[in-house]
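Give me coordinates for this.
(one chain, ligands or ions: 2)
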Amino acid sequence: MKIAVVGTGYVGLVTGTCFSETGNQVVCVDVNEEKIKGLQNGVMPIYEPGLDVLFNRNVEEGRLKFTTSLKEGIEGAETIFLALPTPPGEDGSADLKYILKVADDLGKLMTQYAVIVDKSTVPVGTAELVSAAISRNATVDFDVVSNPEFLREGVAVEDFMKPDRVVVGTGSERAKKVMERLYAPLVRQGNPIIFMDERSAEMTKYAANAFLAMKITFMNEIANLCEKTGANVDHIRRGIGTDSRIGKRFLFAGIGYGGSCFPKDVQALAKTSADYAYDFRLLNAVMEVNKDQKRKLLPHLLAYFGGDLKDKTIAVWGLAFKPYTDDIREAPALENIRELLDLGAKVTAYDPEGMPNTKALLPGVTYCHTAYAALDDADALMIFTEWPQFRTPEFEKVSALLKNKVIFDGRNLYEPEHMKELGFAYFSIGRETVS
Ligand SMILES: NC(=O)c1ccc[n+]([C@@H]2O[C@H](COP(=O)([O-])OP(=O)(O)OC[C@H]3O[C@@H](n4cnc5c(N)ncnc54)[C@H](O)[C@@H]3O)[C@@H](O)[C@H]2O)c1
Ligand SMILES: O=c1ccn([C@@H]2O[C@H](COP(=O)(O)OP(=O)(O)O[C@H]3O[C@H](CO)[C@@H](O)[C@H](O)[C@H]3O)[C@@H](O)[C@H]2O)c(=O)[nH]1
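Ligands and ions are numbered 1, 2, ... in the order given. Sure thing, here's the model as predicted:
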């Protein structure tokens, strides 16, 4: 099948690459000329494990191409995917200007029937708006389908190639057949394609993200209560996660959820609720708790240094919002580093993939080539991302490099008991404090 993917970011590049891997002829379109030039020369704009292998193979075999021209990109395409940004507007609602601009352009440019597939996360009713925008100028038939994407960054290729489910919102039999054909290679193990109406598909995406954000937030609240009561959140997680009704995943307490999706999508769903005069109290609580959770370690750090961080150097391990990505959008590390700098501290930082993006935003930080280099002469270590390499460091080296044997761990990487044995002061989330 000939496919166009409009928007070549995290979702668009993964979508385009994976569909070329299943034999389709794909053209990815983006307005960012530098990005497209790079991709045409084999330069990946993002770090996403495994994507480069698929990318190289499909580019080499001529199934995956890149252009800045929408007209060229959609030529002969049976499906046109929209993988465009939907950032929060000033009032928290998803800003549809990128989607509607492309929809308007498509109406003018389309020369044959195509299924326009919305992969971006968009509020209920967007498929109708996209349809109306295309219709204004279209001279050919088309269908607009909602097909939300559920991939996680860091494991995006695996999530895309083996999705738990594919959700497709459409009332058109013709579009349904096209989508079935396209997704058939990805649902061979019985994972379903779930068809529904467009509005329900759009809402399904927000419901999934809001539910997961709520699940994490619930555990963060339990963790906060554990700290007060002397219980250990790790035990609670195992104790409840083994109940199949609850499930083991997304129960890890920590320094709050971040990333390009949960924060903006919870906010956008709350805005949709408000627009429909529905007070979704649970969502408001999730946002409130997460805001506080991101700053959870700072009071402990301040108290440790007697309320004064001037002339202190704080080493930071982890900048990306999660491991195996270079994405720093809404990463808890950034907010904490800004606060540390405001309080007069110096910051030395290390992240395996997140440093180039962070440098552009926070030039005042000293970026180091290794995790240990960040510790050299620092007064304390703070951890914000659970990169596996941070899990079993050489603690002798850590204590030799740090001025004080103290770790503030936002990802619960170490056992408090072990840290006690090693003589570290250790602050984590929802477990015993070792001081
Ligand atoms: N990142 C994720 O993990 C993820 C997962 C599921 C869903 N989503 C949703 O998918 C959508 C895209 O997210 P993303 O993270 O890939 O965004 P992104 O910012 O990484 O990429 C968007 C791309 O669209 C391009 N673009 C903007 N206007 C354009 C235009 N007129 N024509 C062509 N290209 C244009 C931008 O230059 C950019 O490269 C969002 O709605 C997001 O909520 C994201
Ligand atoms: O038990 C957990 C699991 C995750 N997180 C945090 O939650 C955030 C999001 O993590 P994750 O969901 O793994 O990454 P994303 O790439 O943001 O993926 C989410 O957002 C995407 C964009 O909408 C969806 O497609 C995915 O299904 C959804 O998981 C990160 O800050 C994690 O550190 C926790 O604190 N505890």
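
When you work out contacts or count neighbours from here on, use the C-alpha atoms and nothing else.
Will do.

Relative to G239, how far out is the residue nearest to the spatial centre of the chain?
Note on the chain: the residue nearest the mean C-alpha position is G259, at 4.1 Å, using CA atoms, centre = their mean. For G259, the distance to G239 (CA to CA, to the nearest Å) stands at 28 Å.

who in the stretch 201-350 of the chain is up against ligand 1?
Residues of the stretch 201-350 of the chain lying close to ligand 1 by CA under 6 Å from any ligand atom are S260, C261.

Report the closest residue of the stretch 201-350 of the chain relative to ligand 1.
C261 (5.4 Å; CA to the nearest ligand atom).

for the nearest residue to that residue once chain neighbours are set aside, helix, strand, or coil?
Closest residue to C261 apart from its sequence neighbours, by CA to CA, 6 or more residues apart in numbering: N209 at 7.6 Å. Classification of N209 by DSSP: H, G, I helix; E, B strand; the rest coil places it in helix.

how about N209, what does it touch?
Applying CA atoms under 8 Å, 6 or more residues apart in numbering to N209 gives the contacts C261, F262, D265, V266.

mind checking which helix or strand the last one is in?
Spelled out, that is V266. Per DSSP states H and E: V266 is located in helix 262-275.

can you pull the buried residues of that helix?
By 16 or more other CA atoms under 10 Å, the buried positions in helix 262-275 come out as F262, P263, K264, D265, V266, Q267, A268, L269, A270, K271, T272.

ditto for stretch 183-202
By neighbour count on 16+ other CA under 10 Å, the buried set for stretch 183-202 is Y183, L186, V187, P192, I193, F195, E198, R199, S200, A201, E202.

Show me the contact partners of that stretch.
22, 121-127, 145-148, 161-171, 180.

Can you say which of those are buried?
22, 121-124, 126-127, 145-148, 161-170.

rewinding a little: of all the buried residues of helix 262-275, which comes closest to E34?
Closest approach to E34 among the buried residues of helix 262-275 (CA to CA): K264, at 26.6 Å.

From T121, how far out is the closest one?
Taking CA to CA, one finds K264 at 10 Å from T121.

and the helix or strand harbouring K205 with helix 262-275, angle?
Assigned by DSSP H and E, K205 belongs to helix 198-229. Helix 198-229 runs at 120 degrees relative to helix 262-275, counting by axes from the mean of the first three to the mean of the last three CA atoms, to 10 degrees.

thinking again about what came up before, reformat the contacts of N209 as TSV; add pLDDT.
Listed next are the contacts of N209 as TSV, based on pLDDT from 0 to 100:
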residue	pLDDT
C261	97
F262	98
D265	97
V266	97
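
out of these, who's nearest G247?
The closest of these, once distances to G247 are taken by CA to CA, is F262, at 19.5 Å.
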